[in-house]
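Colleague: Quick check, what structure comes out for this input:
(chains A, B, C and D)
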Number of protein chains: 4
Amino acid sequence: MTLARPFLSDNAAAVHPKLWEAMRAADHPDNPYDGDTLSQQLDARFTALFGRECAALWVATGTAANCLALATMCAPHGGVVCHREAHIEVDEGGAPGFFLHGAKLMLADGAGAKLTPQDIAALIDPIRNDVHQVQPHAIAITQASEYGCTYRPEELADLGAFAKARRLGLHMDGARFANAAGFLGGSAEDAARAASGPVDSLAFGFIKNGGMGAEAVVLFDPDAAMQVRYRRKRAGHLQCKGRYLAAQILAMLEDDLWLANARHANAAAQEVAAGCGERLLHPVEANELFVRLTPAEREALRAQDFAFYDWGADSARFVTAWNTKPEDAQALGKAIAAL
Amino acid sequence: MTLARPFLSDNAAAVHPKLWEAMRAADHPDNPYDGDTLSQQLDARFTALFGRECAALWVATGTAANCLALATMCAPHGGVVCHREAHIEVDEGGAPGFFLHGAKLMLADGAGAKLTPQDIAALIDPIRNDVHQVQPHAIAITQASEYGCTYRPEELADLGAFAKARRLGLHMDGARFANAAGFLGGSAEDAARAASGPVDSLAFGFIKNGGMGAEAVVLFDPDAAMQVRYRRKRAGHLQCKGRYLAAQILAMLEDDLWLANARHANAAAQEVAAGCGERLLHPVEANELFVRLTPAEREALRAQDFAFYDWGADSARFVTAWNTKPEDAQALGKAIAAL
Amino acid sequence: MTLARPFLSDNAAAVHPKLWEAMRAADHPDNPYDGDTLSQQLDARFTALFGRECAALWVATGTAANCLALATMCAPHGGVVCHREAHIEVDEGGAPGFFLHGAKLMLADGAGAKLTPQDIAALIDPIRNDVHQVQPHAIAITQASEYGCTYRPEELADLGAFAKARRLGLHMDGARFANAAGFLGGSAEDAARAASGPVDSLAFGFIKNGGMGAEAVVLFDPDAAMQVRYRRKRAGHLQCKGRYLAAQILAMLEDDLWLANARHANAAAQEVAAGCGERLLHPVEANELFVRLTPAEREALRAQDFAFYDWGADSARFVTAWNTKPEDAQALGKAIAAL
Amino acid sequence: MTLARPFLSDNAAAVHPKLWEAMRAADHPDNPYDGDTLSQQLDARFTALFGRECAALWVATGTAANCLALATMCAPHGGVVCHREAHIEVDEGGAPGFFLHGAKLMLADGAGAKLTPQDIAALIDPIRNDVHQVQPHAIAITQASEYGCTYRPEELADLGAFAKARRLGLHMDGARFANAAGFLGGSAEDAARAASGPVDSLAFGFIKNGGMGAEAVVLFDPDAAMQVRYRRKRAGHLQCKGRYLAAQILAMLEDDLWLANARHANAAAQEVAAGCGERLLHPVEANELFVRLTPAEREALRAQDFAFYDWGADSARFVTAWNTKPEDAQALGKAIAAL
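Modeller: Numbering: from 1, shown residues only, chains lettered A, B, ... in the order given. Just a heads-up that it's a prediction; the model follows:
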């Protein structure tokens, strides 16, 4: 039997060996919750990475990371602007409604699942400034976007200026932040800063990038950070053996493993992209590909053991991961080209 | 430097080697979330253990486990009766208020942090049956209790009958369920059934018993189980690599490791108890001891490298764990006896 | 100075003299809240009107009426399907998010702001049946619709069958229910039953129809009724001098005043409609008209003292009320025809 | 048949004639919601009364008034300190849990249902400053208290200083604020200022004092006021014919009717008190009396047509109102004295 060549998702990939090592190294008694020596290092490590003061708290899922951050910038009677296809709208089971106590997601349109100030203004400018209509309190963007597109630093600067002018919080869902940073290039610090721009908070994803069960909520506002500490506990997300989560994150930061993993995945995506030509629905700027493929073509690819999801009736989604074999990626690119 | 002899808590102890093995064995691609082969085994395994149909879902914390279960049996406008010193009231950062959308905890008194039907009736009988007063919808008990006391099967039967008569749900916080089961004795099945009695739901704790970050919400009502599946996602508790949580739990069930670990801890507690005599504030029926000790006596113990928490002005709490060294427990018992 | 001829809205019209009389007649001590003799009559009176067992509770606003009813049929993790332009989505300040604890409004499209089973199926059929996506729990329709269109009995029957087949609750926002009933014709009983069809709950509006501050939540499910009694109190909507609200509602039911008022308003709307011809954007089936009018035309009407709201760039909305003067309505119709 | 002499409660008394007049005078079209000329006067009128800038919004119930104000000063993860017998804890059906999204009421003890800084400190000082325990965010006091006791200006000053030092909001439930102000004496301005002290918000009750269905939420913090405007709408409490509520409140302020009504009720209470002597459980400082009376004594009073509630097994509560007949009050005092 041939083993499947997996391009289904990066969210179920194996855990990176360095993280196993780090977790095992943490396997001795320490203070519970986030009082341990590892968790206590997070703020400083992320402050160094981003070059501005921040707090960083581990949580087990991106959903929790996003929602905890958003709850600090949107009151229950307010709204969060996001893309119509944003993960928080489409795939988080209504979590924002729960964490934000009924606040509303306000759905904007934008190419490649990215948003521009113009896209957002088109949505919120018609809202009457009265109590009958929910007012926007925050913006949530996704980096890389749900279609694998990466915001450039200048795009983020524009969004930041817009958010500031409108007094809106700006949050970044970074489930694949590493892939976006990797795409933008440079040192780890340069890449992280370029990819995050002037956001108020970032859900920095590690799980899709070789982690087991730890993401970081990065908060550039100290008041928000304090609030998230309480809200994390209240949401049942303060694990008592938090050191195993901190260990994963620190191992990711060590020697820029997070960036190396992401670049590996990105490179694999480019290998695939090389075979896709006009079939690509979106530019490949991270580790996801959306490819126009007929049902018959998809069948042909699956017959060659490539595993992936359909994306609507006429296309497919391919995702590469930190451990995608280059030869699999090349083979896939060639197989598509040969269709 | 002498290493501390730790009796602070079981919540920060190391992870059992069998669980590490099981997690590593799960380190290959599988379906995400709870679609993997391990997660899919949980319902059957717990059904076999408890001898009645149930669903079992992993979550990362006991707080989440308790609150997800309670939310199925108490409407937002209702109340949950619990002991005044229950963990959900005192130490979960208001999590029930979050998960139950503002439902009220109704605080009853009872010896050893346990509740009897009489204790509960004394609290709820005076409540006027009108809309101005919050009506009780459920009861939450803790097994073993916050003072390390274990409900006996007949006590649970009484509570079950009372809950049924009053049309109240009955939930068990089992952060130290294994220790209670271990105290009651018998085979794993006998012990589990005796310790759980007729509850509607159980937060079955593994983390304090050698786990890393996985508890099981066990739901004996299929409707509640379906609801918890949705609510778990909505609360950001559906981890995408859930197989590592399932692996921990299955390893615990394998060869009754959960019970062996608990009995080890319980035995250590009895070693300590042997030296405490009249100093004990509560009977030792699990792995916690509450011991009357003056400040000077506590200082003397700490000078011998015993680590533990003060409990009010005149006593201390000692907790044993799956990996407490028997010699440490004996030494502690002797040290207390020698005071 | 010429007095304005008001077609702005029915929501600020004066209170009907019969209601003043009824309130004054209630101005003596009675039991507080809804224990008074007037409030106690509501269930029976509405049961007689609708010909099926129901409970009827007063509340001060349509927003509260809608949301209290919806909260009985949609769990916090579920969704309520409504029209994209429904009042609960557009103009209630996020109230459903508050009362339903973060449940989601799911926005369907449909002609005239009405929904058909096909419209709803188009929205909900693509929803994956998994925990990542919010599942629909209920449908909310508006009778008459936000564009003044009235559901016919057979349309309601279809929606009822669809809701039942999909196990969805069916709620009717009846802010202008009387106008819809009046449009459908027949005796008060016939009209009420035809206009409500098989809904599970109805927010029966009186305020826009000559009331002061009382609407009725009508619940055809006894369990839902009990829940609403508690939720009404919890939402601060149980007024202690509730007899003044009950008095308004009973006065409305007396001699079918509600229907007479609505028919008066509907007739006035038809007078206006007679002059609108092709300008009408929607059929006039209640007391609202949406009329294509250029800015210059609107200016010309306002110069003749007609007061009304713009509706987008190229049209206007006119609303008639229980006390619209027939001569004003005729004058407006002629003025539009003369443009 | 003799008519009952009612001392049950002030919450169901008739509406004062001046308010009927004012409501009728408002019975012409005006802007909806709070855009009408009456509602627009409230801020200025209350600012003049209290001598400091404030916003004043009408709502239909004291429960809504209290909870809307509290929601501005206590985050969902925080707590509100109140007396164990406070109305918000005992008799509002869990409304604070709803409006504050699950925040916790923290129950303090204090004589006469009043709280001192010492009472509050005794409750909150033992709370650990960590995320596992809910932290207090605000204090709610009741003026006059649930036992008819009135805070003196110096007591309020102490509470204000304490709240400020602890960074806690300070809210006053003023369901019977007028009675407290009346008790303290002086002009309307002096009495209002003395009775409110340095609170951040006040639920100024009118309904128990001759109103129909309007209370004022008075907010001395402009940010809180803006928030309440949105939250009021979201809670379904923004009535479209708000002018009838504003009319009630303005009529109450006109010629200090609110104070005259309260003083009438207070005087009647003193008439009753004159006959109670040692039977009084609390000093009579407003319009409520709690009187030690055996069941037989209560029966004897009821045989004389006095209507009132039992208060526990051995006492009774008597409440006077704006329209209590002086002869009834005197008769009750004498009847009690004669027992």
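Colleague: C-alpha from now on. contacts and neighbour counts both.
Modeller: Fine.
Colleague: Name the nearest residue to A:A274, sequence neighbours excluded.
Modeller: Using C-alpha to C-alpha, 6 or more residues apart in numbering or on different chains and skipping residues adjacent in sequence, the residue nearest A:A274 is A:G333, 6.1 Å away.
Colleague: Please name the residues that touch A:A178.
Modeller: By C-alpha atoms under 8 Å, 6 or more residues apart in numbering or on different chains, the contact list for A:A178 reads A:192, A:204-206, A:209, A:258-259, A:262.
Colleague: about what we covered before: isn't the residue nearest to A:A274 right up against A:V272?
Modeller: Yes. The pair A:G333 / A:V272 is scored as a contact, 3.9 Å apart, by C-alpha atoms under 8 Å.
Colleague: between these two, who's got more neighbours?
Modeller: Neighbours around A:G333 and A:V272, counted as other C-alpha atoms under 10 Å in any protein chain shown, are more numerous at A:V272. The numbers are 29 against 21.
Colleague: So that one versus A:I336, what's the distance?
Modeller: Separation of A:V272 from A:I336 (C-alpha to C-alpha, to the nearest Å): 8 Å.
Colleague: burial count for the one residue in the stretch 1-150 of chain A that gets nearest to chain B?
Modeller: At 4.2 Å from chain B, A:A95 is the closest residue in the stretch 1-150 of chain A, using C-alpha to the nearest C-alpha. The local packing of A:A95 (other C-alpha under 10 Å) involves 30 other residues.
Colleague: next one: A:A144
Modeller: With other C-alpha under 10 Å as criterion, A:A144 counts 28.
Colleague: and it, what does it touch?
Modeller: Counting by C-alpha under 8 Å, 6+ apart, A:A144 has contacts A:150-151, A:174-177, A:179-180, A:285-286.
Colleague: quick one, strands of the stretch 1-150 of chain A?
Modeller: Ranges of strands in the stretch 1-150 of chain A, per DSSP state E, counting those that start in this stretch, are A:5-6, A:55-59, A:78-83, A:104-108, A:135-142.
Colleague: Give me the buried positions along the helix or strand hosting the residue nearest to A:A274.
Modeller: Under DSSP states H and E, the secondary-structure element containing A:G333 is helix A:326-337. Within helix A:326-337, the residues that qualify as buried by neighbour count (16 or more other C-alpha atoms under 10 Å in any protein chain shown) are A:326, A:328-336.
Colleague: Now pLDDT too, for those residues, in TSV please.
Modeller: What follows is those, written out as TSV (pLDDT from 0 to 100):
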residue	pLDDT
A:P326	96
A:D328	96
A:A329	97
A:Q330	97
A:A331	97
A:L332	97
A:G333	97
A:K334	97
A:A335	97
A:I336	98
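Colleague: Might one say that the residue of the stretch 1-150 of chain A closest to chain B is in contact with B:R232?
Modeller: No. Contact criterion C-alpha under 8 Å: A:A95 and B:R232 do not qualify, at 9.5 Å.
Colleague: So which residues on the stretch 101-250 of chain A come close to chain D?
Modeller: Counting by C-alpha under 8 Å from any C-alpha of the partner chain, the residues of the stretch 101-250 of chain A close to chain D are A:101, A:131-132, A:229-231, A:233-234.
Colleague: 7 Å instead, please
Modeller: For the stretch 101-250 of chain A, the contact set with chain D under C-alpha under 7 Å from any C-alpha of the partner chain comprises A:101, A:131-132, A:229-231, A:233.
Colleague: got a list of contacts for the longest helix anywhere in chain A?
Modeller: Longest helix in chain A, counting residues (DSSP state H): helix A:257-273. Contacts to helix A:257-273, defined as C-alpha atoms under 7 Å, 6 or more residues apart in numbering or on different chains, come from residues A:178-179, A:182, A:188, A:209, A:252, A:286-288, A:320-322, A:324, A:326, A:329-330, A:332-333.
Colleague: which of the contacts of A:A178 lies closest to chain C?
Modeller: Once C-alpha to the nearest C-alpha is applied, the member of these that ends up nearest chain C is A:G205, at 18.4 Å.
Colleague: measure the closest one to chain B for me?
Modeller: 12 Å (C-alpha to the nearest C-alpha, to the nearest Å).
Colleague: That residue contacts A:D173, doesn't it?
Modeller: No. In this structure, A:G205 is not within contact of A:D173 by C-alpha atoms under 7 Å, at 8.3 Å.
Colleague: and the residue of the stretch 1-150 of chain A nearest chain C?
Modeller: Residue nearest to chain C within the stretch 1-150 of chain A (C-alpha to the nearest C-alpha): A:G102, separated by 3.6 Å.
Colleague: scratch that, the stretch 151-300 of chain A is what I was asking about
Modeller: A:A235 (15.0 Å).
Colleague: so what's that residue up against?
Modeller: So A:A235 contacts B:A95 (C-alpha under 7 Å, 6+ apart).
Colleague: Excluding chain neighbours, give the residue nearest to the most centrally placed residue in chain A in space.
Modeller: Nearest to the mean C-alpha position of chain A, counting by C-alpha atoms, centre = their mean, stands A:A175 at 1.6 Å. Nearest non-adjacent residue to A:A175, counting by C-alpha to C-alpha, 6+ apart: A:G205, 4.3 Å away.
Colleague: Give me the phi and psi angles of the one you found.
Modeller: Main-chain torsions, A:G205, degrees, to the nearest 10: phi -90, psi 140.
Colleague: Let me know how buried A:P76 is, in neighbour terms.
Modeller: For A:P76, the neighbour count with other C-alpha under 10 Å is 26.
Colleague: typed the wrong thing, it's A:N261
Modeller: By other C-alpha under 10 Å, 23 other residues sit near A:N261.
Colleague: Give me the pLDDT value at it.
Modeller: Listed pLDDT for A:N261 reads 98.
Colleague: tilt between the longest helix of chain A and helix A:326-337?
Modeller: 30 degrees (axes from the mean of the first three to the mean of the last three C-alpha atoms, to 10 degrees).
Colleague: Dump the C-alpha coordinates for helix A:257-273 into PDB.
Modeller: What follows is helix A:257-273, C-alpha atoms only, in PDB (Å, rounded to 0.1, in the frame of the first residue of the first chain):
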ATOM      1  CA  LEU A 257      12.600  27.400  14.600                       C
ATOM      2  CA  TRP A 258       9.200  29.000  14.000                       C
ATOM      3  CA  LEU A 259      10.600  30.800  11.000                       C
ATOM      4  CA  ALA A 260      12.500  27.900   9.700                       C
ATOM      5  CA  ASN A 261       9.500  25.600   9.900                       C
ATOM      6  CA  ALA A 262       7.400  28.200   8.100                       C
ATOM      7  CA  ARG A 263       9.900  28.800   5.400                       C
ATOM      8  CA  HIS A 264      10.000  25.000   4.800                       C
ATOM      9  CA  ALA A 265       6.300  24.900   4.300                       C
ATOM     10  CA  ASN A 266       6.300  28.000   2.200                       C
ATOM     11  CA  ALA A 267       9.000  26.600  -0.100                       C
ATOM     12  CA  ALA A 268       7.000  23.400  -0.500                       C
ATOM     13  CA  ALA A 269       4.000  25.600  -1.400                       C
ATOM     14  CA  GLN A 270       6.000  27.300  -4.100                       C
ATOM     15  CA  GLU A 271       7.100  23.900  -5.500                       C
ATOM     16  CA  VAL A 272       3.400  23.100  -5.900                       C
ATOM     17  CA  ALA A 273       2.600  26.500  -7.200                       C
END
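Colleague: Which helix or strand lies directly C-terminal to that helix?
Modeller: That would be, after helix A:257-273 and using DSSP H and E, strand A:288-292.
Colleague: if we can go back for a sec, make a markdown table out of the residues of the stretch 101-250 of chain A next to chain D and add distance to C:H83.
Modeller: Shown next, in a markdown table, are those (distance: C-alpha to C-alpha, whole Å):
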| residue | distance to C:H83 |
| --- | --- |
| A:H101 | 23 |
| A:V131 | 21 |
| A:H132 | 17 |
| A:R229 | 39 |
| A:Y230 | 38 |
| A:R231 | 34 |
| A:K233 | 38 |
